[in-house]
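**Q** pasted the sequence and its predicted model underneath.
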Amino acid sequence: MRLRIKRSTIKYIFAFLPFLTVSSYLLPGYLSRGLMIYRSIVSILYVYLYVKYKYYSKADIVFFAAHIVILISTLIHSGQTVNQLYRTLSVIGFCSMCSVNLRKKSFFEAVSIYGVLMTVLTLVTMFVYYKPGALEGGMRLAGTKTSYGRTISGNWYLLGLDNSSFFYIFTILIFLYLYLLIYKKKIGWGFFALYFAVTVSFIHVRSATAVVCFILGGILLVIVSNKKTTQFVKYIDYKKSILIIVVFAVFIVYLRMQYIFETLIVDILGKNLTLTRRTQIWDLALKEIAKRPFFGIGAQSDLYNFLIFRVNHVHNIVLEWLYEGGIIGFSLFMTGILLFGKKINRNRSHRIAIVLSGAVAIYFLNTGLDYYTYVFLPYSFFIFIEHCDDLIKMYDINHNNSWKNNVGESK
């Protein structure tokens, strides 16, 4: 039995591997292309299984359609068609993989093992190679040597600790937390030691938004790790989490009311009220969106975006979708997000539901200041929320509870 579990875990590690690998500019061209082919094959395989066994839902279809709108806009307005086709396939393939495998313990084991290894590598690399004050902004490791003996020309998802790498590391830690919560029945100090080390590393590189999100996430996970204290966060639910997008877009992006948090932003985090020039980027983005409001301009090259914004993206989830996919793409995206949560409300007081809703809230908080449409790892939260009943059933079985008559844990 142990050997079978070990083999299945290894199988899922190799299935997950192409979705979380070193960035292409750290690798020789042939190896980078090989990884792209590997991910494409795995994506196609899981899309086939996803369709064959009818895992799809209305929410999935609408959500994928939003990304296809960006692909079509890219085909019309940009020379990045092949690259965007690969990104779109990656998004659909990864979500399909999560849908197909989320009921399998070995899948969570594989992601947890791989995630811990990559997170430790992150910490080692950062503390050994990071040079404080080398650069401001996202490219914090530019010009420094990495553990691969090469020079990073930009930030890498894991090796370059910044707001964008938060999406990868935080998602992996939530995977690990869910695995421990569902299958190990309690969250050990080892997890919180790892989480604390990661948070300290982001403080070390002065990634302000990520630090705030990690601290909020840590507080949530500590509270939920104990059944008795879970009641203090029982009011966290999926619908309230989605409201963060609207609130941030209205009060920060449009009305520019960040001065309310001046003490936090300026005195504690050491930033300025332009949010590290984001308000200027948003003004430029609004002008670009007005030129093609319905279907957007598609995914443009980093160089194209840099010439307009002086950065490679617009640093806000709402503006990014409106810029690349227009009103049509953004509407489909938000509709899909809403549809994912149709089932979770009946179990919203369950520990699993609270963790997932809280993770989504923290994810959306970070996307208010940093977002890429093709950073797909956090999309697993939406897949888990859509199939929350299955995760809760696995939790109750492993905790010797009756799934249907689980008093105090689910409704």
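**A** Thanks, I have it. Here the structure is a predicted model, which is why all the values come from computation and not from measurement. Residues are numbered from 1 along each chain as shown.
**Q** where along the stretch 151-300 of the chain do the helices fall?
**A** Per DSSP state H, counting those that start in this stretch, the stretch 151-300 of the chain carries helices over the ranges 163-179, 189-204, 208-224, 238-248, 262, 278-291.
**Q** give me the pLDDT value at the nearest residue to Glu386 once chain neighbours are set aside.
**A** The shortest distance from Glu386 to any non-neighbouring residue, by CB to CB, 6 or more residues apart in numbering, is to Phe340 (4.6 Å). The way it works is simple: take the backbone N, C-alpha and C, and place the C-beta from them, glycine included. According to the prediction, Phe340 has pLDDT 94.
**Q** cool, and Ile152?
**A** So, for Ile152, pLDDT stands at 40.
**Q** could you do Lys291 as well?
**A** 92.
**Q** any idea how far Ser301 is from it?
**A** From Lys291 across to Ser301, the span is 17 Å (CB to CB, to the nearest Å).
**Q** more neighbours: those two, which one.
**A** Ser301 (13 against 9; other CB atoms under 10 Å).
**Q** and the end-to-end length of stretch 251-259?
**A** End-to-end distance for stretch 251-259: 11 Å, by CA to CA, to the nearest Å.
**Q** correction: stretch 216-233
**A** Using CA to CA, the end-to-end distance of stretch 216-233 comes to 12 Å.
**Q** buried residues in that stretch?
**A** Going by neighbour count (16 or more other CB atoms under 10 Å), the buried part of stretch 216-233 is Gly217, Gly218, Leu220, Leu221, Ile223, Val224, Ser225, Thr230, Val233.
**Q** relative to Glu262, how far out is the spatially closest residue to the last one that is not a sequence neighbour?
**A** Closest residue to Val233 apart from its sequence neighbours, by CB to CB, 6+ apart: Ile223 at 5.2 Å. Using CB to CB, one obtains 28 Å as the distance from Ile223 to Glu262.
**Q** from what I see, Tyr238 and Val360 are in contact.
**A** Yes: the pair Tyr238 and Val360 qualifies as a contact (CB atoms under 8 Å) at a distance of 6.5 Å.
**Q** joint contacts of the two?
**A** When contacts are counted by CB atoms under 8 Å, 6 or more residues apart in numbering, Tyr238 and Val360 are jointly contacted by Ile385.
**Q** residues in contact with Phe340?
**A** Ala59, Phe63, Phe382, Ile383, Ile385, Glu386.
**Q** now do Tyr363
**A** Contacts of Tyr363 by CB under 8 Å, 6+ apart are Phe167, Phe170, Pro378, Phe381.
**Q** what's near enough to touch the last one?
**A** What it means is Phe381. Thr171, Ile174, Leu356, Ala359, Val360, Tyr363.
**Q** just the pLDDT at it, thanks.
**A** Among the per-residue scores, Phe381 holds a pLDDT of 94.
**Q** and the angle for the host helix or strand of it with helix 238-248?
**A** Assigned by DSSP states H and E, Phe381 belongs to helix 379-386. Angle of helix 379-386 versus helix 238-248, following axes from the mean of the first three to the mean of the last three CA atoms, to 10 degrees, is 140 degrees.
**Q** measure how helix 379-386 sits relative to helix 163-179, angle-wise.
**A** Between helix 379-386 and helix 163-179, the angle comes out at 40 degrees (the same axes, to 10 degrees).
**Q** report the distance from helix 379-386 to the chain centre.
**A** 10 Å (CA atoms, centre = their mean, to the nearest Å).
**Q** could you export that helix as CSV, CA atoms only?
**A** Extracted in CSV, the C-alpha atoms of helix 379-386 (Å, rounded to 0.1, in the frame of the first residue of the first chain):
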residue,chain,number,x,y,z
TYR,A,379,-7.3,29.9,-9.9
SER,A,380,-7.1,26.6,-8.0
PHE,A,381,-9.0,28.4,-5.2
PHE,A,382,-12.0,28.8,-7.5
ILE,A,383,-11.9,25.2,-8.5
PHE,A,384,-11.8,24.1,-4.9
ILE,A,385,-14.6,26.4,-4.0
GLU,A,386,-16.7,25.0,-6.8
